[in-house]
Each structure stands twice: as C-alpha cells, then as structure tokens.
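> fold the following, please.
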Amino acid sequence: MRDFACFGIMAGLSWNLVLQFGLGMAGAALPKKNSLPLLQLLCLFLSVLTLFMVFFSVSALINLGFFEYLLYYPLSCLTCLGLETAFSKLFPVKTEDKIFDCLSSYDGLALAALFLTRHLAETVAEGLIISFHFSLGVLVGIFILAQIRRRSLIEKVPGLLRGKPLMLISMGLLSLIFTAAAGIFYKILEF
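Below is the predicted model of the structure:
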C-alpha cells in the first residue's frame, strides 16, 4: 500500500517536470474562457494508460531498445487524436473547451506522462495509478494557474508582468512548491 501511495504522490506532483522542461502549460494558463478541459484530460489518461499497456506487453515479447523511445511521440499523438475524435463522435459538445493540441501530444503532456509511467511502473496496476495521478496533477495545475490568471485580472499587477510573464513566474514557483511537497511526502512515507 505504501508503494502505491508513493507512486500516486510522485505522479500527481511530477507534472512540475513538464513545467520545467516543456512549459506546455503556458497555453493552458491563458485560455480564452474559464473552462476545464475534462474531455482532454480523460483522453490524456486513457492514451497514457493504453500506450503503457501496449509497450508493456510488447516489451515482454521483444526488446525494442532505443526504437521504443522513437515510437513514443508519434504513437502518443495518434492515440490522443484517435481518442479525441472518438469522444467527439460519441459525446458531441456544443462549445469547444479544448486547451491542448492533440497533434502535439497535448503540448508534450502525454509524451512526458508516458515516459514517466513507462519507466516507473512495473505492473499494470502501477501504470494505472501513475497515469491517473498524472492527469489529476495536470488538472490541479490548470485550476491553480487559471485562478492566478483570474486574480491577476482583478488585482493590480504591473503592466510588464501581465499575461504570460506572470504565468511563467507562477509556474516556476508552483514547480518549486510541488517539488518540496513531494520531498516532504517521501520523507513521511519513508521511501
């Protein structure tokens, strides 16, 4: 049980790695309207889980080696696109609340989540926990950054910091906070 808690905490807080090397959340922090992309987060979760199970089962049969890394990006883009298309056919939505682009593997979020899940999980249950908590961590990150954006419109903010500069500074601070929180949780769980 302790290992599952560690995996869940790590996956939920590891979205800061995506913020640090990709900054793909910058577009998510500045949406045109205040809506959460729940359908896209569901597609993110399902694409990471699906691709993890594919690579998990394929690696049991043959060793792909470095070629596996080359397959991550195109397959994550195709899976995100396929799932998003299937969900849009099944559940037609009148308003578009898309924040991420599926052809960029959701701004690298699905790619990073697949990479982390593939290297950290040793069983399908661990892969399920990591991919779910990664999607949950992205949802929390989007919510926090949207609230910071909303408050920056209400509060008095210097003109040079309005918009993307404030979001980048906020993402850097959130990344530090989440890294410290992950360290504290690891110490508590003695992992």
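> can we go C-alpha only for contacts and neighbour counts from here?
OK.
> where in the protein is pLDDT low?
Residues of the chain meeting the criterion pLDDT under 70: 1-36, 93-99, 189-191.
> now do 90
By pLDDT under 90, the weakly predicted segments of the chain are 1-45, 47-48, 51, 54-77, 80-81, 83-191.
> quick one, strands of it?
Across the chain, reading from the start of the chain, there are no strands by DSSP state E.
> kindly list the longest helix within it.
Secondary structure assigned by DSSP state H gives helix 124-154 as the longest helix of the chain.
> mind listing what's buried in that one?
Residues 126-139, 141-146, 148-149, 152 are the ones in helix 124-154 that count as buried (16 or more other C-alpha atoms under 10 Å).
> what do you get for stretch 43-54?
Across stretch 43-54, burial judged by 16+ other C-alpha under 10 Å covers 43-53.
> out of these, who's nearest T85?
Within the buried residues of stretch 43-54, proximity to T85 (C-alpha to C-alpha) peaks at C43, which comes in at 9.9 Å.
> how near is the closest one to K187?
Applying C-alpha to C-alpha, to the nearest Å, one obtains 33 Å for the distance of C43 from K187.
> try R118
Taking C-alpha to C-alpha, one finds R118 at 24 Å from K187.
> name the residue in the two with the higher neighbour count.
Looking at R118 and K187 with other C-alpha atoms under 10 Å, you find the greater number of neighbours at R118, namely 22 against 10.
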